[in-house]
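S.K.: Using only what follows, build the 3D model:
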Amino acid sequence: MEKDNFILYDSFNKALSKDEFEQAKAAYLSLLTENKYAIKNADTIYDLIDNIKRTPEKVGPYKNISVFEALNRIGSDLVLLSGATILFKNEVEGIEPQKIHLKMGTTHGFDFEVILKDNKKIFGEAFNAAESFCKFKMRQAIHKLIDKNPDVNAKEGIVFINAEVKETIEKYVNTKEKTAIVNANFKIHRVYCDKIK
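M.R.: As a prediction, the model looks like this:
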């Protein structure tokens, strides 16, 4: 997490119990609704690009980054919040979290870790992608969970995915995942996440 840019750094910089998560989620959503950011008028497309992609602003829980970057992060964050809500409601068979560590506001490492009731960890990835880009993001997530998993004995991973691309992702076949299922009995849980408001 980038402490200088993410206002809720202290709230999310640890594994959270269900109650702690609900409090942190409420604070996050409150910052989204309280911040009435509006795109500034621009006389030319070049001015618009400068306003959106170059000028640091405060947008929701982010500060000192461009509006473009903030919106990308917020899109991913909303999938993380939705996915964690689903896990804490025990809606994914076989996964009962004790705590979840969401890596909000960061671009390195795994997007989240689920600490189960027996203290085992499951690593996860999350994305909020357009239809045209979702297969690529899914491929990246699968390969990372299989090839870069810190738990060499891991038998499962989780991917939080924006629900709008569910049909495309359900048809997507990945050779590495098929091989991991057969050779290592490795399962990737796909969790489709609706918008949180």
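S.K.: going forward, measure contacts between C-alpha atoms and count neighbours the same way
M.R.: Noted.
S.K.: so which strand or helix has T179?
M.R.: Under the criterion DSSP states H and E, the helix or strand holding T179 is helix 175-184.
S.K.: Identify the residues contacting that helix?
M.R.: 142-143, 146, 155, 186-188 (C-alpha atoms under 8 Å, 6 or more residues apart in numbering).
S.K.: filter the residues you listed to the buried ones?
M.R.: For the contacts of helix 175-184, a burial check counting by 16 or more other C-alpha atoms under 10 Å picks out 142, 146, 186-188.
S.K.: From the contact counts, what lies against the longest helix anywhere in the chain?
M.R.: Using DSSP state H to define each element, the chain has its longest helix at helix 67-88. Packing contacts for helix 67-88, counted by 3 or more C-alpha pairs under 8 Å, 6 or more residues apart in numbering; DSSP states H and E, involve strand 56-59, strand 97-102, strand 121-127, strand 156-162, strand 187-193.
S.K.: Count the residues that sit near the residue nearest to V92 when sequence neighbours are not counted.
M.R.: Residue nearest to V92 in three dimensions, not counting chain neighbours: I86, with 7.4 Å by C-alpha to C-alpha, 6 or more residues apart in numbering. A count of neighbours around I86, defined by other C-alpha atoms under 10 Å, yields 16.
S.K.: measure the residue lying farthest from the centre of the chain to V114 for me?
M.R.: The centre of the chain is farthest from one residue, D43, which by C-alpha atoms, centre = their mean lies 35.0 Å away. Counting by C-alpha to C-alpha, to the nearest Å, the gap from D43 to V114 is 47 Å.
S.K.: Same check on S76?
M.R.: 17 Å.
S.K.: Which one's more surrounded, those two?
M.R.: For S76 versus V114, neighbours defined as other C-alpha under 10 Å are more numerous around V114 (25 against 21).
S.K.: List the buried residues of the helix holding T179.
M.R.: Using 16+ other C-alpha under 10 Å as the test for burial, helix 175-184 gives E177.
S.K.: Now do that helix against strand 156-162, angle only.
M.R.: With axes from the mean of the first three to the mean of the last three C-alpha atoms, to 10 degrees defining the directions, helix 175-184 sits at 150 degrees from strand 156-162.
S.K.: How far does helix 175-184 sit from its chain's centre?
M.R.: 24 Å (C-alpha atoms, centre = their mean, to the nearest Å).
S.K.: and that helix, average pLDDT?
M.R.: In this model, helix 175-184 carries a mean pLDDT of 87.
S.K.: send the alpha carbons of it over as PDB?
M.R.: C-alpha atoms of helix 175-184 as PDB (Å, rounded to 0.1, in the frame of the first residue of the first chain):
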ATOM      1  CA  THR A 175      -4.000 -24.500 -20.400                       C
ATOM      2  CA  LYS A 176      -1.900 -23.800 -17.300                       C
ATOM      3  CA  GLU A 177      -5.000 -24.000 -15.100                       C
ATOM      4  CA  LYS A 178      -6.200 -27.300 -16.700                       C
ATOM      5  CA  THR A 179      -2.700 -28.800 -16.100                       C
ATOM      6  CA  ALA A 180      -2.600 -27.600 -12.500                       C
ATOM      7  CA  ILE A 181      -6.000 -29.100 -11.900                       C
ATOM      8  CA  VAL A 182      -4.900 -32.500 -13.200                       C
ATOM      9  CA  ASN A 183      -1.300 -32.600 -12.000                       C
ATOM     10  CA  ALA A 184      -1.500 -30.800  -8.600                       C
END
